[in-house]
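# My questions concern the predicted model and sequence given below.
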Amino acid sequence: MKNRNILSAWAAVLLAIAAATAAPARADPQITDVVADKALHVRDAIKRADYAAAHAVMAGVLADSKIENWRFYPFADVMTDLFLDTDTALPERLDEWIAAQKDDAIPLLLRAEYFYTTGWSVRGHNFADRTSPRRRVSFQDYMQKAYADIDAAIALDGNNPYAFYMRLQIMRGYGISPEMQEMFKESIVRYPDYVPLYEVLLSALEPRWGGSVKEMYAFVDQHAGGAPAYSPRKMLYLTLYYDLFSSSYADCDANRGDHDRMARCISIDMGRLVSAGLQRNVSAALDVYNHSDHYQAGLAIKDKLFAMLSWPDGDAFSGAILETAANAMHSDTQLTEEKPGHNDYIIDQAVAISWTTKGFYDNALAKYTEALADAASTRFPSEDEEHRAIGSIYEDLADIAGNKLHRYEDMITYERAAIAHGVFRNEHYICYANHALKQYDAAIQACTDAIDRSGSLYARFWRAVSYRDAGNKDAALTDFTQVAESENRFAASAVISLSMIYFDRKDNSGALDILTKYDFVYDPNRVGKQDVAVAYNNRCYAYMQLGDLHKALDDCSASLRYGSLPDAIRKRQQLLKSLGQ
């Protein structure tokens, strides 16, 4: 990154923050029926068993969708937004819909998406040897169900490219196989211009899934090398670079947590994996931006560029791709631009992510604010896509303002602007921020709004925390229990919170029951080591209070294997003394 003058850069940051806080741009509360709204309409219709309404929305979206270079829009976007939270009420409703409409491919497709999303939520994205056997078995069960549904959906309707893409995604969970390769060939015969099909198989060819680097290069040379100049398939060279970068992180995983060792390992690995020819082809692929629809090309570049920039320790390689992309997109990566207003907003966002990864959060806030300004001057293909882009930037601003800078009033302002633009992914930020401000009534209402809209388990967790801190422990127990019984990443925190409520009530047996029932909290393959340490420490306390000192000692010792909680150290010393050890 270039930084011509620290003082002028900081002045730009302050001006940008002040402008953004004072007047969030274009936060129009009248915006309706954007992609996210359609997904919410379908969810709501399914939950109230109005299957005709759900079918009408999805059939209408499908009829309006077409393959546009790198996407099948808007159908794929609606599907992605459908199951942001795997609401446990949905499977039963989807079963009823399928039973009532046996010849309808749409509910089968939706249930396949639900199973697929839930399966990966259960499994997590750790390596197989870091995933518990229970979670691997559950994942395989969900993938089998998803595959059965998607296969049946394709048999009923073979005219939906997203269904073929999804079938490959499900197969990818098992690694590369001859069956998957045959399905890929069948898919591209039907939809040769649908680039996501190629990207799924390329990813499955990574060595960690059973393929090889040689096969990855050969695949891209076959399908992109011979493609016409400026074909969308040329962007597969960027995908190859991204997949190799991802493989490098997997190869170097043993060094994670040590920045210098990780960076050295990635540097050596990428030097081995990335050929000079690939670097040239990536530059040529990014030049496709200048010979195609700028908006769609930007989206094709965005996801991979953003992901690479968000990975710490590899900034030497992600930064080089950022500069190449910025040059191709006629944009500037400086904090203070020489010609403000000329950037592609996606490059502004990418630079903001780079600053975030480095820990310079005010700089990131300034670049996201510039992204708003540049998005406002961008010609979008539709009003819906304009609002989606702007709403996503507001969500990024909310994340930086609250989670990094602890400016919770700003977090609320930005997230409300995101919602006004039809982007609801982080709607729980409003209740989280209100809780941080100790405005518990406002937090509870905001959480309830988010739960009613999308069934958000994150919002349910923060409503539970707000109920608890406002003194309504019974309501907190109800919400914490729902989160504890889910696959949400806050499930372990919910279990620990449940145990603490019972401890506060002097109900040590009740706390022990909770800590015994939800035994996943002791699995470091599912939850963080700190959560495991806290769970063992809490159960140690329960056993102590109930007089089972040997089990208490075992649990306090286990806690110290995963963390160094002072409370566990103190209790262990006390137990050793009591037991005469």
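Yes, it's here.
# For the chain, which segments are assigned as strands?
66-68, 71-73 (DSSP state E).
# Read off the pLDDT value for residue 350.
Listed pLDDT for residue 350 reads 98.
# residues touching it, list them.
By Cβ atoms under 8 Å, 6 or more residues apart in numbering, the residues touching residue 350 are 302, 305, 306, 309, 322, 325, 326. In this view, the C-beta of every residue, glycine as well, is placed from N, C-alpha and C.
# would you list those in CSV and tack on neighbour count?
CSV is the format used below for those (neighbours: other Cβ atoms under 10 Å):
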residue, neighbour count
302, 19
305, 26
306, 17
309, 24
322, 23
325, 25
326, 22
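# Need the single longest helix in this structure, by residues.
For the chain, the helix with the greatest residue count under DSSP state H is helix 133-156.
# re the thing from before, export the strands of the chain to a markdown table and tack on mean neighbour count?
Listed next are the strands of the chain as a markdown table, based on neighbours: other Cβ under 10 Å:
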| stretch | mean neighbour count |
| --- | --- |
| strand 66-68 | 15 |
| strand 71-73 | 22 |
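# one step back: packing partners for the longest helix of the chain?
On a contact count with 3 or more Cβ pairs under 8 Å, 6 or more residues apart in numbering; DSSP states H and E, helix 133-156 meets helix 105-123, helix 161-172.
# where does this protein have low pLDDT?
Within the chain, the segments meeting pLDDT under 70 span 1-34, 86-88, 125-130.
# isn't residue 312 right up against residue 259?
Yes. Counting by Cβ atoms under 8 Å, residue 259 is a contact partner of residue 312 at 7.0 Å.
# So if I had to pick from these two, which one is more boxed in?
residue 312 (15 against 11; other Cβ atoms under 10 Å).
# ok, that one - contacts?
So residue 312 contacts 259, 262, 357 (Cβ under 8 Å, 6+ apart).
# Mind checking which of these are in helices?
Using DSSP H, the contacts of residue 312 in helices are 259, 262, 357.
# and which of these is nearest to residue 51?
Nearest to residue 51 among the ones in helices among the contacts of residue 312 is residue 357, at 44.5 Å by Cβ to Cβ.
# who wins for proximity to residue 491 among the helices and strands packed on helix 133-156?
Nearest to residue 491 among the helices and strands packed on helix 133-156 is helix 105-123; the distance by Cβ to Cβ comes to 10.3 Å.
# now the angle from that closest one to helix 161-172?
30 degrees (axes from the mean of the first three to the mean of the last three Cα atoms, to 10 degrees).
# ok, residue 161 - how many residues close by?
Neighbours of residue 161 under the rule other Cβ under 10 Å: 22.
# Look up how far residue 122 lies from it.
For residue 161, the distance to residue 122 equals 27 Å [Cβ to Cβ, to the nearest Å].
# rewinding a little: I'd like to know which of the contacts of residue 350 are part of helices.
Residues of the contacts of residue 350 located in helices (DSSP H): 302, 305, 306, 309, 322, 325, 326.
# got those residues as JSON lines, with distance to residue 245 columns?
Output for the ones in helices among the contacts of residue 350, formatted as JSON lines (distance: Cβ to Cβ, whole Å):
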{"residue": "302", "distance to residue 245": "16"}
{"residue": "305", "distance to residue 245": "11"}
{"residue": "306", "distance to residue 245": "13"}
{"residue": "309", "distance to residue 245": "11"}
{"residue": "322", "distance to residue 245": "13"}
{"residue": "325", "distance to residue 245": "14"}
{"residue": "326", "distance to residue 245": "18"}
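# Tell me the one among the residues you listed nearest to residue 500.
For these, the nearest to residue 500 is residue 306 (37.3 Å; Cβ to Cβ).
# Show the contacting residues for the nearest residue to that closest one once chain neighbours are set aside.
Closest residue to residue 306 apart from its sequence neighbours, by Cβ to Cβ, 6 or more residues apart in numbering: residue 353 at 5.6 Å. Counting by Cβ under 8 Å, 6+ apart, residue 353 touches 306, 309, 310, 364.
# same check, this time on residue 158
With Cβ under 8 Å, 6+ apart, residue 158 has these contacts: residue 190.
# just the one 5 residues further on next, same as before
Contact analysis of residue 163 by Cβ under 8 Å, 6+ apart lists 105, 109, 150, 153, 154, 157.
# ok, 7 Å please
Listed by Cβ atoms under 7 Å, 6 or more residues apart in numbering, the contact set of residue 163 reads 109, 150, 153, 154.
# closest to residue 568 among the ones in helices among the contacts of residue 312?
For those, the residue nearest residue 568 by Cβ to Cβ is residue 259; the value is 28.7 Å.
# any idea how far the closest residue to residue 195 other than its chain neighbours lies from residue 234?
Excluding the flanking residues, the one nearest residue 195 by Cβ to Cβ, 6+ apart is residue 70, at 4.8 Å. Distance of residue 70 to residue 234, given as Cβ to Cβ: 11 Å.
# Repeat that for residue 136.
37 Å.
# Compare the two (neighbour count), which wins?
Counted by other Cβ under 10 Å, residue 136 and residue 234 do not tie: residue 234 has more neighbours, with 25 against 14.
# unless I'm mixing things up, the more buried one is touching residue 225, no?
No. Using Cβ atoms under 7 Å as the test, residue 234 is too far from residue 225 to be in contact (8.8 Å).
# quick revisit: for the contacts of residue 353, work out which two are farthest apart.
306 and 364 (12.7 Å).
# Okay, buried residues for the longest helix of the chain please.
For helix 133-156, the neighbour count (16 or more other Cβ atoms under 10 Å) marks 135, 138-139, 142-143, 145-147, 149-150, 152-154 as buried.
# Cool, thanks, talk later.
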